[in-house]
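Engineer: structure here, sequence nowhere to be found:
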């Protein structure tokens, strides 16, 4: 088969898409992510867990003064700490958030927007547990993409 063909045959004879064509040119916007919500660092742990479960979110971006992105809260970890008594539900989420490494030299920012190709998002998610989808100016968090979102997309599209 030539490299121009979309599919190739596997050892079992089934058609398999090459990795580069796996998403057929789809972009992040095609994932149809739920709109993101962010919480201020002063939000209470109990409220953060409640909101995350209401919206079925596993990670919540945390904002500081002037709505600057400071880090995120892993909801499952937060709930485990709460149940174990390691944190109090009236504590602020700032005490439990993971801060983003903002050093451009050691951790350059990767811009993920609604028009980012899914193949690029997949490469990013190989090294990260989620991706924040932002506008081009990085002023607003529009969504949170996870490997599970990519899996759901592939299964919906029967790719």
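Structural biologist: On my side now, so go ahead. Since we're looking at a predicted model, the values are computed, not measured. Numbering: from 1, shown residues only.

Engineer: phi, psi of the residue lying closest to residue 145 once chain neighbours are set aside?
Structural biologist: Leaving aside its sequence neighbours, residue 145 sits nearest to residue 131 (Cβ to Cβ, 6 or more residues apart in numbering; 4.6 Å). Placement of C-beta: from N, CA and C, glycine included. Dihedral pair for residue 131: phi -130, psi 140, per degrees, to the nearest 10.

Engineer: now residue 138: which helix or strand?
Structural biologist: Remark: residue 138 resides in no helix or strand, with elements defined by DSSP states H and E.

Engineer: lowest average confidence, helix or strand, in the protein?
Structural biologist: strand 8-9 (a mean of 34; mean pLDDT, DSSP states H and E).

Engineer: low-scoring pLDDT stretches of the chain, where are they?
Structural biologist: For the chain, the stretches flagged by pLDDT under 70 are 1-21, 159.

Engineer: tell me the contacts of the closest residue to residue 153 other than its chain neighbours?
Structural biologist: Once flanking residues are discounted, residue 153 sits nearest to residue 31: 5.4 Å by Cβ to Cβ, 6+ apart. Neighbour list for residue 31: 118, 143, 145, 149-150, 152-153 [criterion: Cβ atoms under 8 Å, 6 or more residues apart in numbering].

Engineer: and which of those residues is nearest to residue 50?
Structural biologist: residue 143 (20.4 Å; Cβ to Cβ).

Engineer: neighbours of that closest one, how many?
Structural biologist: 20 (other Cβ atoms under 10 Å).

Engineer: so is it in a helix, a strand, or just coil?
Structural biologist: strand (DSSP: H, G, I helix; E, B strand; the rest coil).

Engineer: isn't it up against residue 37?
Structural biologist: No: if you go by Cβ atoms under 8 Å, residue 143 and residue 37 don't touch, sitting 10.0 Å apart.

Engineer: shared neighbours of these two, anything?
Structural biologist: Joint contacts of residue 143 and residue 37 (Cβ under 8 Å, 6+ apart) do not exist.

Engineer: partner strands of the helix or strand containing residue 61, with direction?
Structural biologist: Assessed by DSSP H and E, residue 61 sits inside strand 59-63. If you go by DSSP bridges, strand 59-63 pairs up with strand 39-40 (parallel), strand 69-74 (antiparallel).
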